[in-house]
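>>> Curious how this folds, go ahead:
(chains A and B)
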Amino acid sequence: NAGVTQTPKFQVLKTGQSMTLQCAQDMNHNSMYWYRQDPGMGLRLIYYSASEGTTDKGEVPNGYNVSRLNKREFSLRLESAAPSQTSVYFCASRSGTGEGNTIYFGEGSWLTVV
Amino acid sequence: ELKVEQNPLFLSMQEGKNYTIYCNYSTTSDRLYWYRQDPGKSLESLFVLLSNGAVKQEGRLMASLDTKARLSTLHITAAVHDLSATYFCAVDRDDKIIFGKGTRLHILP
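Next up is the predicted model:
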């Protein structure tokens, strides 16, 4: 079982370039999330998708777009990268409600915008 | 708007001592999570708490939830160096999951 898989793991972009971070989960989870992590700021929610076909803004959505391609995949796109988007990005998924339904995280994607 | 506050943000403690990390949140929630993160790594699930008065324990860590006070605590008993990490709480409301800023725990031998 691969769990939550993110690609790429490392990326360097020039200001103004675009890129897509890919995320896939093989646990048949309904909900998927994108977070960014910056020193001293914890994890901040960018966008989330509570179920296939729906997406909602989180705390810091500006400069990003998402696509819930199907139940497995949730991608994050930077249309015109800025240095302020240098961060570690985490994708996560969760099956739904209930005490046993924890959140599973990918390994993270380290993005540097120069 | 759902807000989550953790304190302290940094904690340096001696091995063998007890301490508590606090997690306050601003609105009613569906569940509360505790996670651990080691430097350069992803997040590892510790506890999921659903109901008022819920208490869960794993080894030297114990988490509790008071939904009326909108407060969760993570208690560390007789700390050991291996528990050095950053600990996050997160609150879920209507599938929107918001994290606190984390508590960086450094345990001194």
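
>>> Neighbours of residue A:104, how many?
Residues near residue A:104, counting by other C-beta atoms under 10 Å in any protein chain shown, number 18. Every residue, glycine included, has its C-beta placed from N, CA and C.

>>> Could you verify my assumption that it touches residue A:90?
No. At 10.6 Å, residue A:104 does not count as touching residue A:90 under the criterion of C-beta atoms under 8 Å.

>>> Please enumerate the shared neighbours of these two.
Common contacts of residue A:104 and residue A:90 (C-beta atoms under 8 Å, 6 or more residues apart in numbering or on different chains): none found.

>>> Chain B contacts on chain A?
Contacts of chain A with chain B, taken as C-beta under 8 Å from any C-beta of the partner chain, map to A:31, A:33, A:35, A:40-45, A:48, A:50, A:56, A:58-59, A:90, A:92, A:94, A:97, A:99-108.

>>> Select only the buried ones of the residues you listed in ChimeraX?
To isolate the buried subset of these in ChimeraX, counting by 16 or more other C-beta atoms under 10 Å in any protein chain shown, use the following:
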select /A:31,33,35,42,43,44,45,48,50,58,59,90,92,94,101,102,103,104,105,106,108
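
>>> Tell me the predicted confidence for the spatially most central residue of chain A.
Central residue of chain A (C-alpha atoms, centre = their mean): residue A:34, 2.7 Å from the mean position. Residue A:34 is assigned 98 on the pLDDT scale.

>>> In which helix or strand does it reside?
strand A:31-38 (DSSP states H and E).

>>> Give me the contacts around that strand.
A:21, A:23, A:25, A:43-51, A:58, A:60, A:64, A:66, A:68, A:74, A:76, A:85, A:87-96, A:103, A:108, B:95, B:97, B:99.

>>> can we see that at 7 Å?
For strand A:31-38, the external contacting residues (C-beta atoms under 7 Å, 6 or more residues apart in numbering or on different chains) are A:23, A:25, A:43-50, A:60, A:66, A:68, A:74, A:76, A:87-94, A:96, B:95, B:97.

>>> Tell me the strands beside the helix or strand just after it, with direction?
The helix or strand immediately downstream of strand A:31-38 is strand A:42-49, counting by DSSP H and E. Here strand A:42-49 has these sheet partners by DSSP bridges: strand A:31-38 (antiparallel), strand A:56-57 (antiparallel).

>>> contacts for the last one?
Around strand A:56-57, the neighbours that count as contacts under C-beta under 7 Å, 6+ apart are A:47, A:48, A:50.

>>> Tabulate these (a markdown table), appending pLDDT and distance to residue B:30.
Shown next, in a markdown table, are the contacts of strand A:56-57 (pLDDT from 0 to 100; distance: C-beta to C-beta, whole Å):
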| residue | pLDDT | distance to residue B:30 |
| --- | --- | --- |
| A:47 | 98 | 19 |
| A:48 | 97 | 14 |
| A:50 | 92 | 12 |
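
>>> Now do the strands in chain A.
For chain A, the strands defined by DSSP state E occupy A:4-7, A:10-13, A:19-25, A:31-38, A:42-49, A:56-57, A:64-68, A:74-78, A:87-94, A:104-105, A:109-113.

>>> To clarify, my last question referred to chain B.
Using DSSP E, strands in chain B cover B:4-7, B:10-14, B:19-25, B:31-37, B:43-49, B:55-58, B:61-66, B:71-76, B:85-93, B:96-99, B:103-108.

>>> Let's have those strands in a markdown table, adding mean neighbour count, distance to chain A and mean pLDDT.
Listed next are those as a markdown table, based on neighbours: other C-beta atoms under 10 Å in any protein chain shown; distance: least, C-beta to the nearest C-beta, whole Å; pLDDT from 0 to 100:
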| stretch | mean neighbour count | distance to chain A | mean pLDDT |
| --- | --- | --- | --- |
| strand B:4-7 | 17 | 8 | 96 |
| strand B:10-14 | 13 | 10 | 93 |
| strand B:19-25 | 19 | 11 | 97 |
| strand B:31-37 | 22 | 6 | 95 |
| strand B:43-49 | 19 | 4 | 94 |
| strand B:55-58 | 12 | 10 | 95 |
| strand B:61-66 | 19 | 11 | 96 |
| strand B:71-76 | 19 | 14 | 97 |
| strand B:85-93 | 23 | 6 | 95 |
| strand B:96-99 | 23 | 4 | 95 |
| strand B:103-108 | 17 | 9 | 95 |
